[in-house]
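In: need the 3D shape of this:
(2 chains)
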Amino acid sequence: AQSVTQLDSQVPVFEEAPVELRCNYSSSVSVYLFWYVQYPNQGLQLLLKYLSGSTLVKGINGFEAEFNKSQTSFHLRKPSVHISDTAEYFCAVSGAGGTSYGKLTFGQGTILTVHP
Amino acid sequence: KAGVTQTPRYLIKTRGQQVTLSCSPISGHRSVSWYQQTPGQGLQFLFEYFSETQRNKGNFPGRFSGRQFSNSRSEMNVSTLELGDSALYLCASSLADSYEQYFGPGTRLTVT
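Out: A predicted model of the protein is given here:
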């Protein structure tokens, strides 16, 4: 089984400042990792994913994340945020293997609020 | 390419009733997963269907069920609704044997 902990429930930041949203995971098997964003009254949009290869992955809207296997972390970063980045962000994990198809385990979410 | 669509978008039901939600995946996607999102429990996996078969199931009571049709469209049903079933129900689709899921806008169910 997998579990995900998002270390901050809320992160306030000023516009054009850098931001890091922290995510730790636990799993007894290899994992695939994802970050999703949810705007009010909408579904989830995939920001980026780590499946294999380079541990630094780049996603949409200028976001990137680094997979750290030894620290079981997958922190999301953006060097300069915009007002439009205000949303809730979810880290998710899937176990690698046939029995894990279609099942994502999510963290509790981090609300990012960008102030002008 | 059109995204995942869910109908209806909003639904109000009375305790004890049953409800059916519908999900149409992205064209070519054969896997459909369902999630429940509530403020208290967050996002929780309900079940996943592939080629009309349930491949994976979360820890929800038997009142929650689903099915998938030959065109990959999926429905989920909740019987004997309880107040605690009020939630946003999200559907996600993916390619066969892919871990990358794409979500629909959700159905907001309110049970009174």
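In: leaving out the residues flanking it, which one is nearest to residue A:64?
Out: Leaving out its chain neighbours, the residue that sits closest to residue A:64 by Cβ to Cβ, 6 or more residues apart in numbering or on different chains is residue A:58, at 4.8 Å. Just so you know, the C-beta spots here come from the backbone N, C-alpha and C atoms, and that holds for glycine as well.
In: isn't the one you found up against residue A:66?
Out: No - using Cβ atoms under 8 Å, residue A:58 is not in contact with residue A:66; the gap is 10.5 Å.
In: more neighbours: which of these two?
Out: Each of residue A:58 and residue A:66 has its neighbours counted (other Cβ atoms under 10 Å in any protein chain shown); residue A:66 has more, 15 against 11.
In: how much space between the more buried one and residue A:27?
Out: Noted for residue A:66: a distance of 17 Å to residue A:27, by Cβ to Cβ, to the nearest Å.
In: same deal with residue B:24?
Out: On the measure of Cβ to Cβ, residue B:24 and residue A:27 end up 32 Å apart.
In: what residues does the residue in chain B that chain A sits nearest to make contact with?
Out: Here chain B gets closest to chain A at one residue, residue B:48, 2.9 Å apart by Cβ to the nearest Cβ. Under the criterion of Cβ atoms under 8 Å, 6 or more residues apart in numbering or on different chains, the contact partners of residue B:48 comprise A:101-103, B:31-34, B:54-57.
In: what does chain A put close to chain B?
Out: Within reach of chain B by Cβ under 8 Å from any Cβ of the partner chain, chain A has these residues: A:32, A:34, A:36, A:42-46, A:49, A:51, A:90, A:92, A:94, A:96, A:99-109.
In: strands - which of the residues you listed land there?
Out: Among the residues of chain A next to chain B, the residues falling in strands (DSSP state E) are A:32, A:34, A:36, A:44-46, A:49, A:90, A:92, A:94, A:105-106.
In: what about whatever residue of chain A ends up closest to chain B, neighbour count?
Out: In chain A, the residue that lies nearest chain B is residue A:102 (2.9 Å; Cβ to the nearest Cβ). Residue A:102: 24 surrounding residues under other Cβ under 10 Å.
In: want to try CSV for the contacts of residue B:48, with secondary structure and distance to residue A:116 as columns?
Out: CSV is the format used below for these (DSSP: H, G, I helix; E, B strand; the rest coil; distance: Cβ to Cβ, whole Å):
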residue, secondary structure, distance to residue A:116
A:101, coil, 43
A:102, coil, 41
A:103, coil, 39
B:31, strand, 42
B:32, strand, 40
B:33, strand, 38
B:34, strand, 38
B:54, strand, 48
B:55, strand, 47
B:56, strand, 44
B:57, strand, 46
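In: and of these, the nearest to residue A:83?
Out: residue B:33 (32.1 Å; Cβ to Cβ).
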